[in-house]
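K.L.:
got a structure for you, letters missing:
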């Protein structure tokens with residue numbers, strides 16, 4: 001496997017954001033250092049070519065205002081935890097609510 005790093009952009013704070021490209025045979029995967037957003041996954045197609053099968057943006061600016069959350073890495077869990085609580089080994093744990101009375105996709109501050 002080969003790993004390549006290049007600058008993907010610069011945040012308003014001046015911090016550089018990198019794009020890492022991992023290549024193994026016919027597979028190529030790109031992920032940014034900004035929220036671990038997946039930007040590209042190129043795989044062999046049925047017709048002998050190669051296709052990028054991810055939706056995403058061509059540069060960092062798209063990911064800075066990424067309201068549909070394209071390419072984001074899901075956080076601690078996906079979907080809803082009803083009632084914002086769960087039992088584990090006889091103890092009830094309470095979570096932040098961010099979807100009515102539920103906790104959705106990692107809570108108030110997700111990994112995106």
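P.N.:
Happy to help now that I have it. This is a predicted model, so every value here is computed, not measured. Residues are numbered from 1 along each chain as shown.

K.L.:
list the contacts of residue 101.
P.N.:
Contact criterion CB atoms under 8 Å, 6 or more residues apart in numbering gives 83-84 as the residues in contact with residue 101. The way it works is simple: take the backbone N, C-alpha and C, and place the C-beta from them, glycine included.

K.L.:
would you list every one of the helices in the chain?
P.N.:
Ranges of helices in the chain, per DSSP state H, are 60-64.

K.L.:
grab the most central residue of it for me.
P.N.:
Taking CA atoms, centre = their mean, the centroid of the chain lies closest to residue 72, which sits 1.9 Å from it.

K.L.:
how much space separates that one from residue 29?
P.N.:
Applying CB to CB, to the nearest Å, one obtains 15 Å for the distance of residue 72 from residue 29.

K.L.:
residue 21 reaches residue 3, doesn't it?
P.N.:
Yes - between residue 21 and residue 3 a contact is recorded at 7.2 Å, counting by CB atoms under 8 Å.

K.L.:
more neighbours, these two?
P.N.:
It is residue 21, of residue 21 and residue 3, that has more neighbours when counted by other CB atoms under 10 Å, with 16 against 10.

K.L.:
on the strand side of things, show who residue 80 bridges to.
P.N.:
Taking DSSP bridges, one obtains residue 104 as the residues bridged to residue 80.

K.L.:
give the contact list for it.
P.N.:
With contacts defined as CB under 8 Å, 6+ apart, the neighbours of residue 80 are 99, 102-104.

K.L.:
10 Å instead, please
P.N.:
If a contact means CB atoms under 10 Å, 6 or more residues apart in numbering, then residue 80 has 98-105 as its contacts.
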